[in-house]
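Asks: When you get a sec, could you give me coordinates for this:
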Amino acid sequence: MALVMLPCDLPWWPAVVKQLDKAALARNSQDLIGAMQRIHDMCNISLDPDEDEQDPDLFVGFAKFIDEDLGPGEREQMFVKTIPKIVERAKALRNTKPPQGLYFSLQQQGDHVEYSYGFASSLVANAFFSTYPKRTVKTHPTLGDFNFTNFFKYLHLNSQKIKLQSILQYFEFLETDGALEGRMLVSRQVMTSKQWLTIEDWLESNVPLCPLTIRHVGRLERVDTDAKVLHVCFASSRFGEGVLEDAISQETVHIATHPEMLAVILSVEALEDNEVLIVDGARHVSRINNPKQKATFESIPNPNPVTVCCMDADNYSLKPLEQFEEDNILREMNKSLLGFRQRHLPASPTETVSLDGAACPDGVKRGGSRGFVLRDETVDEDFLKASLEAEQKWLGKFKYTQQPVLQRKDTNNSSKYSFSTEYSSDFCSELEEVYEQLSKWLDDPIASDENHELEARDRAVIQFAGSLLRRALSESFAGVPVQEGEPQLIIGTNDVQQKHKLALAVRSLSLELARQRNKRQQSISDTEDQQEVEEEDFMDAFEVQESPKKVESKRNKWTINLTSLKELETLLEEESPTFSRRLQFPEINIKNIYSDVEGINNSIPGDSSPQDGGLFPVATGNWGCGSRLKGDPQLKLVIQWLAASLAGVPRLIYYTCGNPNLSKLDTVSRVLTDRRWTVGDLSTAMLRFAVQTLRDQVKGRNSLFDELIGHDKPSP
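Replies: Numbering: from 1, shown residues only. Reported below is the predicted structural model:
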């Protein structure tokens, strides 16, 4: 990964420090601006020769602000305390930077980076003095310019003056004791191809809608900062775009009132369709009221650290109807889900999904990956044979390469499960026996002779083994770290989340067994008399007898909704054909396996009511619905409600900002709650409305809210 070149690493840093010292000693605007101009001319060099021009009037606006907008007391405060403090933090960059340096946060690579408050303040202080090399869209298309060079040009605007006051307030706050103690965590989250949900996934979800708290009065930035809440920042794809210029938006105001978030601009590449940014620990130092009209500044005496989800909405200003297209709806739902689940990824590359507009080659287009829906993939015989050896190696390494799944914590709330690589629990011992038997089974000589044509029984055996093991090892145990780590909660650790891994493993195995039985019953046309066998095991439900007729492979669309242990037992106990030669497996009682995790399945999002799992409530609003992006407020509300429900957050707090299109939101919330709608029900109704909107395009037709209120539960 590439390192960010910091000003203290450049050869002219000693000369920059001398000019910084002169700025700290300045007692009038002329001396201060002179030092800042020399620093800019020395450092602000562009890779583009056409852009590498020096402007002697860059800081004139700042000089006028000091001389005309500040009173005598404020001006003295500026020269005696504020500017020297900014200089102090800028010079401390070399001492506060991480020993390994600062890495770029690259597209399609999930990571998390800790910024000490001291390091973050040093980065922002250097940006104030414009000590970084100049960036342009031409030279750095995925990065923003991290200098205040253009910021001071617009200080004739009242909104720009308020933004500057907020940043200066931040450096004054750093004078307080303990202000530099602590850290900020920046996490780039990437939704991989396996995690990318399809429309079918959303439509088939049985998760109930989460509680919705509606705020028609008040602003999103005024949510109770003492409460643990995930704040949503309506970011642009190039994070912080316009905040160091004259832009006024929810994003730029949010960053200006949380100045430590400015440091993120330096190293984070533009977000793509399957990415969000989570910032944990940025402190809220001020509020900017009515920024687009008569902007006013309000200082917060005791800034609190907050957790912010930065996610970008698509721009539909040119073609507003495009937001009702299925792919665009899916993009917004998956991005919201990614941010609301409140996880960060370990700092290691992961399997990624490439989308339209991505810098990497297009592999999986928007909406193209299969998500969590099980499919009946048709695989040729050569692939099945070749995969046996690889699968056997997986099994051989399974016991020795896994890291502990659940660790016992030294707290009173630690999990009652304590797993190790030796699988000390009874449950894991039984699973281990299954995999050991499958490993021996794969040594069966039926696949050793390359010239031997596989019979119907052998083909069924290989298909079952390959499908079961590929799913069990690649998906069910995706949470078990082998070379990469499992995403973890950003804040704290909760036992419910750890139990999810265990329950998902069991559930995936049982689902795959039920799937194979379903498949065999549909694909076998005739069966001969069953042969008597001596041994009995739990695989009886999936055994198939040889048939003289050719078995045609058909691709079937299906789904299994497993809601109780009773249903699983029914699947396993029903009569089914048998193999002519028995498979050797130990006797394992599926009831015992499920009894060990009884109650855990109920905590898996998607099985029953969503559990908070230590997640914070989400505070959001009209995401992408302003005059710039032209999003539909009702559609964006439904999208975020669906994502919050599927993510399992305990509550969605929605600020309507008095938007008249959301006046019926209270009625919608009450009606859907009374009907006990699920994510699948609301998704179906939303997509039905979207299709009608694209088809009819008639003005004055019913709104989405009208359709939701007037319709009963959608039919499957």
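
Asks: which regions of the stretch 601-716 of the chain sit below the pLDDT cut-off?
Replies: 601-613, 698-700, 712-716 (pLDDT under 70).

Asks: can you rerun that using 50?
Replies: Residue ranges of the stretch 601-716 of the chain with pLDDT under 50: 601-612.

Asks: Now the phi/psi pair for K664, please.
Replies: Main-chain dihedrals, K664, degrees, to the nearest 10: phi -90, psi 10.

Asks: what's the closest non-adjacent residue to it?
Replies: Leaving out its chain neighbours, the residue that sits closest to K664 by CB to CB, 6 or more residues apart in numbering is F705, at 4.7 Å. Every C-beta, even on glycine, is put in place using the N, C-alpha and C of the backbone.

Asks: so the one you found makes contact with P660?
Replies: No: counting by CB atoms under 8 Å, F705 sits too far from P660 to count as a contact (11.5 Å).

Asks: Give me the more crowded residue out of those two.
Replies: A count of neighbours by other CB atoms under 10 Å puts F705 above the other of F705 and P660, at 21 against 8.

Asks: Check which helices and strands the helix or strand harbouring the more buried one sits against.
Replies: Using DSSP states H and E, F705 sits in helix 704-710. Identification of packing neighbours for helix 704-710 by 3 or more CB pairs under 8 Å, 6 or more residues apart in numbering; DSSP states H and E yields helix 633-647, helix 665-674, helix 679-696.

Asks: Go again with 6 Å.
Replies: With contacts taken as 3 or more CB pairs under 6 Å, 6 or more residues apart in numbering; DSSP states H and E, helix 704-710 sits against helix 665-674, helix 679-696.

Asks: The helix or strand hosting I39: which residues count as buried?
Replies: Using DSSP H and E, I39 maps to helix 29-43. Residues of helix 29-43 classed as buried under the neighbour-count rule (16 or more other CB atoms under 10 Å) are S29, L32, I33, G34, A35, M36, Q37, R38, I39, H40, M42, C43.

Asks: outside of stretch 39-59, which residues touch it?
Replies: 12, 16, 19, 33, 36-37, 129-131, 133-134, 136, 138-139, 152 (CB atoms under 6 Å, 6 or more residues apart in numbering).

Asks: For that stretch, give the mean pLDDT please.
Replies: In this model, stretch 39-59 carries a mean pLDDT of 80.

Asks: Name the residues of it that are buried.
Replies: Neighbour-count burial for stretch 39-59 [16+ other CB under 10 Å]: I39, H40, M42, C43, N44, S46, L58, F59.

Asks: any idea how far the nearest residue to I33 once chain neighbours are set aside lies from G110?
Replies: Computed as CB to CB, 6+ apart, the closest residue to I33 that is not its neighbour in sequence is F59, at 4.5 Å. Per CB to CB, to the nearest Å, F59 is found 39 Å from G110.

Asks: Using the three-state scheme, assign N95.
Replies: helix (DSSP: H, G, I helix; E, B strand; the rest coil).

Asks: list the contacts for it?
Replies: Counting by CB under 6 Å, 6+ apart, N95 makes contact with nothing.

Asks: Domain map for this protein?
Replies: 7-344, 381-603 (automatic domain parsing).

Asks: among those, which gets the worst mean confidence?
Replies: domain 381-603 (a mean of 45).

Asks: CA atoms of the helix holding F705 as PDB?
Replies: Taking C-alpha atoms only, helix 704-710 is exported to PDB below (Å, rounded to 0.1, in the frame of the first residue of the first chain):
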ATOM      1  CA  LEU A 704     -45.400   6.100  -2.600                       C
ATOM      2  CA  PHE A 705     -46.800   6.800   0.800                       C
ATOM      3  CA  ASP A 706     -50.400   6.800  -0.600                       C
ATOM      4  CA  GLU A 707     -49.700   3.400  -2.100                       C
ATOM      5  CA  LEU A 708     -48.400   2.000   1.100                       C
ATOM      6  CA  ILE A 709     -51.300   3.300   3.200                       C
ATOM      7  CA  GLY A 710     -53.900   2.000   0.700                       C
END
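
Asks: from the buried residues of stretch 39-59, which single one is nearest L687?
Replies: S46 (47.2 Å; CB to CB).

Asks: and the closest one, how far is that from H140?
Replies: Distance from S46 to H140, by CB to CB: 10 Å.

Asks: now the helices and strands packed on helix 704-710 as JSON lines including distance to N315 and mean neighbour count?
Replies: Compiled in JSON lines, the helices and strands packed on helix 704-710 are given as follows (distance: least, CB to CB, whole Å; neighbours: other CB atoms under 10 Å):
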{"stretch": "helix 665-674", "distance to N315": "24", "mean neighbour count": "16"}
{"stretch": "helix 679-696", "distance to N315": "18", "mean neighbour count": "19"}
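
Asks: what about these, which gets the closest to P303?
Replies: So among the helices and strands packed on helix 704-710, helix 665-674 is nearest, using CB to CB, at 31.7 Å.

Asks: and the angle from that closest one to helix 633-647?
Replies: Using axes from the mean of the first three to the mean of the last three CA atoms, to 10 degrees, the inter-axis angle of helix 665-674 relative to helix 633-647 is 40 degrees.
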